[in-house]
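**Q** sharing a model prediction with you, sequence too.
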Amino acid sequence: MFIREIKEDDTDGVSRVCLDAFSDSVAGSLSDEGISTFAAIASADAFAKRMKADNRMLVAEDNNGEILGVVELKEGRHIAMLFVTPSQQKGGIGRKLLIAVLKYARAEIVTVSASLPSVPAYQKYGFKLKGDVGELSGLVYQPMEISVNQ
């Protein structure tokens with residue numbers, strides 16, 4: 001497995017990983033609105049648009065070229081996506097992706113709006129709870145943050 005920058009022809013695979021992981025662990029806790037909101041955010045077209053913005057996107061890929069995970073750092077200060085294909089979860093891919101992308105942080109504090117099922121994983125990665133659970137467009141999230149050594 002290795003980690004690299006996302007390429008334009010990765011967007012379908014990246015979208016599939018995100019939607020599979022979301023469906024497996026998050027969707028059951030959300031309303032139809034939240035599921036629809038996430039589907040739009042995780043579409044291949046949405047990833048392609050965000051590639052042109054101030055976002056750093058990395059993928060974890062196996063030796064056969066299959067995308068196993070993705071991480072997106074928005075504006076050098078916010079983890080916008082971190083997903084690993086369900087069959088590969090709890091094997092260290094998420095941690096490796098996070099370590100790799102945090103090298104691009106441009107702020108002392110990096111934030112994430114963690115889905116409630118992902119809070120324990122983020123805590124294992126060193127993130128701390130920051131504020132109350134919120135909801136936006138049907139997506140329920142826990143604000144969290146981590147201090148990054150600059």
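**A** On my side now, so go ahead.

**Q** surely residue 46 is in a strand?
**A** No - secondary structure assignment (DSSP: H, G, I helix; E, B strand; the rest coil) places residue 46 in helix, not in a strand.

**Q** state the distance from the nearest residue to residue 88 once chain neighbours are set aside to residue 8.
**A** Of all residues not flanking residue 88 in the chain, residue 68 sits nearest, at 4.9 Å (C-beta to C-beta, 6 or more residues apart in numbering). All C-beta atoms are positioned from the backbone trio N, CA, C, and that covers glycine. Distance, residue 68 to residue 8, using C-beta to C-beta, to the nearest Å: 19 Å.

**Q** now swap in residue 63 and tell me
**A** For residue 63, the distance to residue 8 (C-beta to C-beta) stands at 22 Å.

**Q** which phi and psi does the residue nearest to residue 88 have?
**A** Residue 68 has phi and psi values of phi -100, psi -20 when expressed as degrees, to the nearest 10.

**Q** surely it and residue 85 touch.
**A** Yes - Residue 68 lies in contact with residue 85 (C-beta atoms under 8 Å); the separation is 5.3 Å.

**Q** can you get me a residue count around residue 122?
**A** Counted with other C-beta atoms under 10 Å, residues neighbouring residue 122 total 22.

**Q** repeat for residue 125
**A** Neighbours of residue 125 (other C-beta under 10 Å): 18.

**Q** quick one, what contacts it?
**A** Contacts for residue 125 (C-beta atoms under 8 Å, 6 or more residues apart in numbering) come out as 94-95, 98, 146.

**Q** then residue 69?
**A** Contacts here follow C-beta under 8 Å, 6+ apart; on that basis residue 69 touches 17, 59-60, 82-85, 88, 93-94, 97.

**Q** okay, helices next: where are they in the chain?
**A** For the chain, applying DSSP state H gives helices covering 11-25, 32-41, 44-51, 93-102, 119-124.

**Q** the closest residue to residue 81 other than its chain neighbours: what's it in contact with?
**A** The shortest distance from residue 81 to any non-neighbouring residue, by C-beta to C-beta, 6+ apart, is to residue 72 (4.0 Å). Residue 72 makes contact with 50, 55-57, 79-82, 101, according to C-beta under 8 Å, 6+ apart.
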